[in-house]
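Asker: Turn this into a structure:
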Amino acid sequence: MIPQQPNTILSPLGYSSDTRNIPATTPAGTNQLSFESGFPLLTSTPIQAGGIPPERQDFNAAFKLLSEFAYYIQSGNHFTWSSQLDYNAGAFVIGSDNAVYFCIQANGATSPNTVQDPTSSTDYWVQIITSSGQINASALSVTLGSFAQLNSLALTDNRLTGILPVANGGTGTKNDFEWKNSYSDTEFNTKIGLSYPFTTQELVTAIINTFNGKLIFCMVAGWRRDENVITDFPGSNLTHRTIINMSDLNQFYLETVDPFNLTTYICNVSGGVAGPWIQIRNADGTLPTNVFANDSIPAAAIQSLATVATSGSYNDLTNKPTIPTNVAPLPIPIIVSGGVGTWRAFGSMVSPDAFLPQGGTWAYVMLTVNADGTIPIGSAIGSNFFASVAEGGSRITGNSTGAKALGFCWRIQ
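Answerer: Numbers count the residues shown, from 1 in each chain. Coordinates of the predicted model:
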């Protein structure tokens with residue numbers, strides 16, 4: 001039989017009726033209702049044989065008592081823990097601190113059980129909802145394991161906040177992002193408590209103060225260089241798309257890309273101090289000469305390289321190699337990844353798709369471009385720019401109108 005919800009009880013039965021107190025046992029020779037024997041045998045003995053009829057007040061007392069329990073439960077209430085009762089695993093009670101507790105081991109007043117107060121007996125009880133109404137996901141995950149993963153999502157502070165770390169019983173397959181992957185400038189400025197105008201250093205300080213100790217990887221669209229916006233932002237005064245990658249409070253960076261070409265700048269943050277913006281890519285996709293100014297290649301090795309062309313023409317070469325005209329595309333390399341915090345460039349020179357390095361989880365940005373490094377005609381940069389998080393070895397699919405893919409990635413787990 002399928003249970004059906006009964007009609008609502010609007011009050012306990014006989015809540016204002018006259019009753020007799022129900023004792024633990026029936027006094028000898030009486031018709032008194034008791035918890036031990038209910039109505040005694042004397043109440044069913046014929047009166048001619050010395051029996052005594054049951055009392056109407058006892059019926060009222062029994063109906064009222066049972067009805068009060070049904071009415072209390074119907075109203076959605078849970079009972080307060082009592083040292084006089086016994087509890088089996090699976091029971092729910094309200095503790096003296098008004099928090100909700102779940103029983104994980106039998107305990108109580110009857111031997112061989114022992115009385116265990118839920119507010120202090122963590123081997124017998126788990127606090128699942130705090131007195132302020134917040135779900136205690138940390139305690140749930142440690143004690144109940146996979147139950148707290150909740151289909152790859154964990155509840156904390158009444159919010160969905162991503163997968164719990166392994167230490168707390170979660171799957172640990174992704175990082176603890178607590179925000180979107182992308183923001184408008186006004187939305188992000190509000191989130192970190194800044195209003196225009198401000199400097200790069202003020203921006204960095206606000207990010208650190210807002211997300212202190214948390215992982216950040218997201219894109220902000222709309223920041224630009226202007227005395228009324230960000231006074232020392234690099235590049236043109238057109239709105240940029242900026243990547244924030246903070247996996248370490250003491251060492252992280254910002255990267256921004258010009259909206260209509262490949263000009264890219266990076267700002268390294270060390271110890272809370274924003275360094276200068278450095279251009280790391282030209283508008284045509286080539287690398288600026290100053291990028292290698294502090295490279296570790298010995299100067300002697302560079303000077304020993306022979307000049308093979310004086311005019312930039314292939315005809316300057318005296319021993320011209322044969323250059324094939326029909327070459328099969330090179331296979332996309334599988335890159336062996338490093339540990340968390342590893343930075344890699346990736347891409348494909350023969351298609352708009354590319355593979356992330358193997359192993360772990362990677363945050364990435366990728367741009368699909370023409371063979372000459374320009375954006376495909378008729379395409380807005382937004383349709384060719386991709387930023388997200390994926391497992392190592394994943395194939396990243398770009399805009400099919402592009403000829404090749406260029407990107408950077410950072411291992412975050």
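Asker: Where does residue 201 sit: helix, strand or coil?
Answerer: helix (DSSP: H, G, I helix; E, B strand; the rest coil).
Asker: One more: residue 233?
Answerer: Assigned by three-state DSSP, the conformation of residue 233 is coil.
Asker: Report the spatially closest residue to it, excluding sequence-adjacent ones.
Answerer: Counting by C-beta to C-beta, 6 or more residues apart in numbering, residue 225 is the residue found nearest to residue 233 once chain neighbours are left out, at 3.9 Å. C-beta: built from backbone N, CA, C; applies to glycine.
Asker: I'd say the one you found and residue 256 touch.
Answerer: No: counting by C-beta atoms under 8 Å, residue 225 sits too far from residue 256 to count as a contact (9.7 Å).
Asker: Neighbour count for these two, which is higher?
Answerer: More crowded of residue 225 and residue 256, by other C-beta atoms under 10 Å: residue 256, with 25 against 17.
Asker: hey, C-alpha coordinates of the helix or strand encompassing that one in CSV?
Answerer: According to DSSP states H and E, residue 256 maps onto strand 251-257. Taking C-alpha atoms only, strand 251-257 is exported to CSV below (Å, rounded to 0.1, in the frame of the first residue of the first chain):
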residue,chain,number,x,y,z
GLN,A,251,53.5,35.2,-6.5
PHE,A,252,50.9,35.6,-9.3
TYR,A,253,50.3,37.6,-12.4
LEU,A,254,47.8,39.5,-14.6
GLU,A,255,47.8,39.2,-18.4
THR,A,256,45.9,41.4,-20.7
VAL,A,257,45.3,41.3,-24.5
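Asker: And that strand, what's buried?
Answerer: Residues of strand 251-257 classed as buried by neighbour count (16 or more other C-beta atoms under 10 Å): 252, 253, 254, 255, 256, 257.
Asker: now do stretch 25-41
Answerer: Judged by neighbour count using 16+ other C-beta under 10 Å, the buried positions of stretch 25-41 are 26, 31, 32, 33, 34, 39, 40.
Asker: gap between that stretch and the chain center?
Answerer: Its chain's average C-alpha position is 61 Å from that of stretch 25-41, according to C-alpha atoms, centre = their mean, to the nearest Å.
Asker: hmm, which two among the buried residues of stretch 25-41 are most spread apart?
Answerer: Largest separation among the buried residues of stretch 25-41 by C-beta to C-beta: 31 and 34, giving 10.4 Å.
Asker: before we move on, what SS does residue 191 have?
Answerer: Applying three-state DSSP: residue 191 is helix.
Asker: show me the contacts for the residue nearest to residue 119 when sequence neighbours are not counted.
Answerer: Closest residue to residue 119 apart from its sequence neighbours, by C-beta to C-beta, 6+ apart: residue 95 at 4.7 Å. Contact analysis of residue 95 by C-beta atoms under 8 Å, 6 or more residues apart in numbering lists 80, 81, 101, 117, 118, 119, 125, 127.
Asker: Might you specify the subset of those residues located within helices?
Answerer: Applying DSSP state H to the contacts of residue 95, no entry is found in helices.
Asker: Redo those as a markdown table? Include pLDDT.
Answerer: Listed next are those as a markdown table, based on pLDDT from 0 to 100:
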| residue | pLDDT |
| --- | --- |
| 80 | 95 |
| 81 | 96 |
| 101 | 94 |
| 117 | 97 |
| 118 | 95 |
| 119 | 94 |
| 125 | 95 |
| 127 | 91 |
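Asker: In strands, which of these fall?
Answerer: When these are checked against strands (DSSP state E), the matches are 101, 125, 127.
Asker: Pretty sure the last one sits against residue 98.
Answerer: No: because the distance of 10.9 Å does not satisfy C-beta under 8 Å, residue 127 is recorded as not touching residue 98.
Asker: So the two - more neighbours on which side?
Answerer: The neighbour comparison of residue 127 against residue 98 (other C-beta under 10 Å) goes to residue 127, with 19 against 12.
Asker: show me where the stretch 101-250 of the chain has strands.
Answerer: Residue ranges of the strands in the stretch 101-250 of the chain, as given by DSSP state E, counting those that start in this stretch, are 107-108, 125-129, 155-156, 159-160, 182-184, 216-221, 241-246.
Asker: Let me fix that, I meant to ask about the stretch 251-400 of the chain.
Answerer: Under DSSP E, counting those that start in this stretch, the stretch 251-400 of the chain gives strands at 251-257, 264-270, 273-281, 343-348, 353-355, 361-369, 385-391, 395-397.
Asker: Highest mean neighbour count out of the ones you listed?
Answerer: strand 361-369 (a mean of 24; mean count of other C-beta atoms under 10 Å).
Asker: so where does residue 61 fall, helix or strand?
Answerer: Assigned by DSSP H and E, residue 61 belongs to helix 56-74.
Asker: What number of residues are in the vicinity of residue 231?
Answerer: Per other C-beta under 10 Å, the neighbour tally for residue 231 reads 14.
Asker: from what I can see it touches residue 199, true?
Answerer: Yes: contact criterion C-beta under 8 Å: residue 231 and residue 199 qualify, at 5.5 Å.
Asker: Helix, strand or coil: sort out residue 48 for me.
Answerer: helix.
Asker: Show the pLDDT at it.
Answerer: According to the prediction, residue 48 has pLDDT 92.
Asker: try the one 10 residues further on
Answerer: pLDDT for residue 58: 93.
Asker: Neighbours of the residue lying closest to residue 248 once chain neighbours are set aside, how many?
Answerer: Closest residue to residue 248 apart from its sequence neighbours, by C-beta to C-beta, 6+ apart: residue 341 at 7.2 Å. For residue 341, the neighbour count with other C-beta under 10 Å is 11.
Asker: Residue 341 against residue 250, yeah?
Answerer: No: between residue 341 and residue 250 there is no contact under C-beta under 8 Å: 11.9 Å.
Asker: Give me the domain ranges for the protein.
Answerer: Domain assignment for the chain by automatic domain parsing gives 11-76, 86-168, 182-288, 343-411.
Asker: first to last residue in the last one, what's the distance?
Answerer: Its start and end residues considered, domain 343-411 measures 7 Å (C-alpha to C-alpha, to the nearest Å).
Asker: Give me the distance from it to the chain's centre.
Answerer: 25 Å.
Asker: can you check the first one too?
Answerer: Mean C-alpha position of domain 11-76 versus that of the full chain (C-alpha atoms, centre = their mean) differs by 56 Å.
Asker: picking that back up, identify the bridge partners of the residue nearest to residue 233.
Answerer: residue 230 (DSSP bridges).
Asker: Helix or strand with the lowest mean pLDDT in this structure?
Answerer: The weakest-scoring helix or strand in the chain, judged by mean pLDDT, DSSP states H and E, is strand 159-160 (a mean of 40).
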